[in-house]
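Novice: turn this into a model:
(2 chains)
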Amino acid sequence: MNYIYDLSRIVQWTRAQLHWLADWAGTSVFWADGLGTLIVMFVLFAFCASVVMVLVYAERKIAGHMQARLGPMRVGWHGVLQVIADTIKLILKETEIPNRADRPLYRAAPYVVFVSGFLALIALPMDKNLVPVQLNVGLIYMIAIGTPGVIGILMAGWSSGNKYSLLGGMRSAAQMISYEIPLVLSLLGAVMLAKSLDLHTLVEAQKIPFVVYQPVAFFIFLISAVAETNRNPFDIPEAESELTAGFHTEYGGIRFAYFFLAEYVNMFVLSALGATVFLGGWQGPFLPGWCWYLIKTGAILFVFIWFRWTYPRLRADQLMDLSWKVLTPLAFINILVTGLILVLM
Amino acid sequence: MLTMIGFYLLSVLAVVAGLFLVLSRNLLHAVLALAVASMAVAGLMLTLSAEFLAFVLILVYIGAVVVIGVFAVMLTGHFDHPKLPTSNELKGLGAVTSLGLLFLLLGVVLIQPIAQARTVAELSVKQIGTLLLTKYVLPFELVSVLLLAALIGAIVIARGKED
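Specialist: Now for the predicted structure:
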C-alpha cells in the first residue's frame, strides 16, 4: 500500500509523539492518552463540520442541476464559499428565546440532538487501522446512541411554546421511532452472516459485500434511513406548507445551526453505517481504505439527495402504513430466510 | 483511577437526577430527569465493563420508556402546575416498598463485593445469547408472552369501541 495516503500511519505517528512528550515531561502515559483522546475528538468534530459543509453545498448544487438551475453561483468559484458565508451569517445572528419557552430545555435541545449524532461517529471504522473507538458491540452502540436525539427533538418541540413546533416535534419523534424498527431489523441479516456485532469484524467478513446476499435488507435500510433523517419523501414533520418548519420553527442563529448540523451529521452517520454493513466499508481494490469508505458513503448520500428531489411527499397515514405493514414484515421475512439458509448450508 | 472518578461522578449524577425525577413539579422535567438518570446508570455499567447491558439500557430506557413517557405527558395536558402534588394516598405503601428494596439491595451489595460483581459482568454478547436460549429459555419466553399481551392490550385500548 502506498503509505503516504494511509491515514493510520499519521495516527500511529501522533501517538508515538504524545508518548515521547509524556516521557520527556516525566508524567505517566495516562495523561498522554487523555490528550490523545481530546485530539481525536477535536479532529472528529472538524471532520464532522467539514463533511456537513460539503454536503450542504453538494445538496444545493445537485438540487439546482436536477431542476435545470445553476444553484449557488455568487460567492467564490461556482459558489463554493456560499456555505461558509451562510455559516458566518448564522453565527453572527441574534439568538432570541420566545416568551412562552421553557428556557433550560429550549437552550439544551439543539446540543442534545447534535451530540447524539456526533457520538455515533466515533464507533465507525474508517480504515483497517483507523477506528476511533473499537467496541465489540459497535452496532448496538450505533443504534443506542442515536436514541437521545429523539428526546432532543421532543424537547425542542415542546419547549418552544408554539403549537407548530409541538406538532412537528411529535410527528418527528413518532416517525423516527416507527422507522427505527425496520432499520434495526434490516441490519440483523448482515449480523447473522458475519456472526458479529463488532463493526470492524463486520467489514472484514465482507470479502463480497453483503448487499449481494442481502439485497432486500439493503433496500429496507435505505428507505428507513431516509425516513429516520426526516427527509423528503418522508418530511411531513417539517412540511413547510402545514407546519412552517416543524420542531425548529422558533429557533434562530447558532441554535438553529446546531439543528442543521445535526440533521446532516445524522445523514452522514446513517450512510456510513449502510456503507459499513452492506457495501464492505473500507474494503476495495487499488485505493486506500478511507477513500473507499468515503466513496461508498458518498454514493449512499447521493441517493438520499436524489430521493429528495425526485419524489413527492407522503401522507401521514401512508407513511405509517409503509413502515408497519410493508417494511417491518419484510424485514422479519428476510431474517427468517437468512436464518433458514444459514442453517441449511 | 479514571474509572473510579467516573464511577463516583456518575453515581452522584444518577442520584441527583433520581431525586429531581421524584421531587420536580413539572412532569415533563421529571420524565427528562429519568433520561439523565438512565444515561448515568448506563455510564456506571460501562465503568464495570458491561458494554452490552449499558447500550441496551440506553436503547430501552431512553429510546422507549422515556419517549413514551414524554408522549403521555404531552397528550395528557396539565403537566406544569406549581401546586401539582408530588405524592399520593399510597405514601405508606410506597415507603414500605422502597425501604424493603433498599434493604434487599444493601444485603446483596454486602454479600457480594463489587470486585466479584465485576468479573460476572464481563459476559460477552455470545454468552448472554447462549444463556438466554438454553438455561433461561423459560423466563425469556414468559417475558416475550407478557410483552405480546401488553402489545395486544395496547392495540385493543387504542382501537376503542367499534359499533
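Novice: which parts of the longest helix seen in chain A are buried?
Specialist: Taking DSSP state H as the criterion, chain A has its longest helix at helix A:29-66. Using 16 or more other CB atoms under 10 Å in any protein chain shown as the test for burial, helix A:29-66 gives A:32, A:36, A:44, A:48, A:51-62, A:64. Where C-beta positions appear, they are placed from N, C-alpha and C, glycine not excepted.
Novice: cool, stretch A:105-121 as well?
Specialist: Buried residues in stretch A:105-121 (16+ other CB under 10 Å): A:105-106, A:108-110, A:112-121.
Novice: do stretch B:41-56 and chain A meet at all?
Specialist: Yes. Judged by CB under 8 Å from any CB of the partner chain, stretch B:41-56 and chain A are in contact via B:51, B:52, B:55, B:56.
Novice: strands - which of the buried residues of stretch A:105-121 land there?
Specialist: Among the buried residues of stretch A:105-121, no residue falls in strands (DSSP state E).
Novice: and the residues you listed, which is closest to residue B:108?
Specialist: Comparing the buried residues of stretch A:105-121 against residue B:108 with CB to CB picks out residue A:119 as the nearest, at 32.2 Å.
Novice: residues near the closest residue in space to that closest one that isn't next to it in sequence, how many?
Specialist: Closest residue to residue A:119 apart from its sequence neighbours, by CB to CB, 6 or more residues apart in numbering or on different chains: residue A:145 at 4.8 Å. Using other CB atoms under 10 Å in any protein chain shown, residue A:145 has 23 other residues around it.
Novice: how near is residue A:313 to residue A:236?
Specialist: Here residue A:313 is placed at a distance of 6 Å from residue A:236 (CB to CB, to the nearest Å).
Novice: which parts of chain B sit against chain A?
Specialist: Checking chain B against chain A by CB under 8 Å from any CB, the hits are B:1-2, B:28-29, B:32, B:35, B:39, B:51-52, B:55-56, B:58-59, B:62-63, B:66-67, B:70-71, B:74, B:124-125.
Novice: would you put the C-alpha positions of stretch A:254-270 in CSV?
Specialist: What follows is stretch A:254-270, C-alpha atoms only, in CSV (Å, rounded to 0.1, in the frame of the first residue of the first chain):
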residue,chain,number,x,y,z
ILE,A,254,-26.4,29.4,16.3
ARG,A,255,-29.0,27.1,17.9
PHE,A,256,-30.7,26.6,14.5
ALA,A,257,-27.2,26.0,13.1
TYR,A,258,-26.8,23.1,15.5
PHE,A,259,-30.1,21.5,14.4
PHE,A,260,-29.0,21.9,10.8
LEU,A,261,-25.6,20.4,11.6
ALA,A,262,-27.2,17.5,13.5
GLU,A,263,-29.5,16.8,10.5
TYR,A,264,-26.6,16.4,8.1
VAL,A,265,-24.4,14.6,10.6
ASN,A,266,-27.2,12.0,11.1
MET,A,267,-27.5,11.7,7.4
PHE,A,268,-23.8,11.0,7.1
VAL,A,269,-23.8,8.6,10.1
LEU,A,270,-26.6,6.5,8.6
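Novice: chain center to that stretch: distance?
Specialist: Here stretch A:254-270 is found 8 Å from its chain centre; the criterion is CA atoms, centre = their mean, to the nearest Å.
Novice: residues in contact with that stretch?
Specialist: A:48-49, A:51-52, A:55-56, A:87, A:90-91, A:93, A:95, A:107, A:110-111, A:113-114, A:116-118, A:120-121, A:124, A:142, A:146, A:149, A:152, A:156, A:225, A:228-231, A:248, A:251, A:297, A:301, A:304 (CB atoms under 8 Å, 6 or more residues apart in numbering or on different chains).
Novice: of those, which belong to helices?
Specialist: Counted as lying in helices by DSSP H, out of these, are A:48-49, A:51-52, A:55-56, A:87, A:90-91, A:107, A:110-111, A:113-114, A:116-118, A:120, A:142, A:149, A:152, A:156, A:225, A:228, A:297, A:301, A:304.
Novice: hang on, the earlier thing: gap between the longest helix of chain A and the chain center?
Specialist: Put simply, helix A:29-66 sits 12 Å off its chain's centre (CA atoms, centre = their mean).
Novice: give the other helices and strands that it contacts.
Specialist: With contacts defined as 3 or more CB pairs under 8 Å, 6 or more residues apart in numbering or on different chains; DSSP states H and E, helix A:29-66 has these neighbours: helix A:7-25, helix A:82-92, helix A:103-120, helix A:253-278, helix A:289-308.
Novice: close to chain B: what parts of the stretch 1-150 of chain A are there?
Specialist: Listed as neighbours of chain B in the stretch 1-150 of chain A under the rule CB under 8 Å from any CB: A:30, A:102, A:105, A:135-137, A:140-141, A:143-145, A:147-148, A:150.
Novice: go again using 6 Å as the cut-off
Specialist: By CB under 6 Å from any CB of the partner chain, the residues of the stretch 1-150 of chain A that approach chain B are A:137, A:140, A:141, A:144, A:147, A:148, A:150.
Novice: for chain B, what's its nearest residue on the stretch 1-150 of chain A.
Specialist: Closest residue of the stretch 1-150 of chain A to chain B, CB to the nearest CB: residue A:147 (3.5 Å).
Novice: and the closest residue to that residue other than its chain neighbours, how many residues sit next to it?
Specialist: Excluding its sequence neighbours, the residue lying closest to residue A:147 (CB to CB, 6+ apart) is residue B:63, at 3.5 Å. Applying other CB under 10 Å, we find 25 other residues in the vicinity of residue B:63.
Novice: so residue B:63 makes contact with residue A:148?
Specialist: No. Contact between residue B:63 and residue A:148 fails when scored by CB atoms under 6 Å: they sit 8.4 Å apart.
Novice: in chain B, which residue sits nearest chain A?
Specialist: residue B:63 (3.5 Å).
Novice: average model confidence for stretch A:280-295?
Specialist: Stretch A:280-295 shows a mean pLDDT of 82.
Novice: span of that stretch from start to end?
Specialist: 11 Å (CA to CA, to the nearest Å).
Novice: need the residues of stretch B:41-56 next to chain A in JSON lines (columns: secondary structure).
Specialist: Putting those into JSON lines (DSSP: H, G, I helix; E, B strand; the rest coil) gives the following:
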{"residue": "B:51", "secondary structure": "helix"}
{"residue": "B:52", "secondary structure": "helix"}
{"residue": "B:55", "secondary structure": "helix"}
{"residue": "B:56", "secondary structure": "helix"}
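Novice: TSV for those, including pLDDT and neighbour count?
Specialist: Below are those laid out as TSV (pLDDT from 0 to 100; neighbours: other CB atoms under 10 Å in any protein chain shown):
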residue	pLDDT	neighbour count
B:51	82	21
B:52	85	21
B:55	89	25
B:56	89	20
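Novice: what lies in contact with stretch A:56-71?
Specialist: Here stretch A:56-71 makes contact (CB atoms under 6 Å, 6 or more residues apart in numbering or on different chains) with A:72, A:83, A:305, A:309.
Novice: OK, contacts around the third one?
Specialist: If a contact means CB under 6 Å, 6+ apart, then residue A:305 has A:59, A:62 as its contacts.
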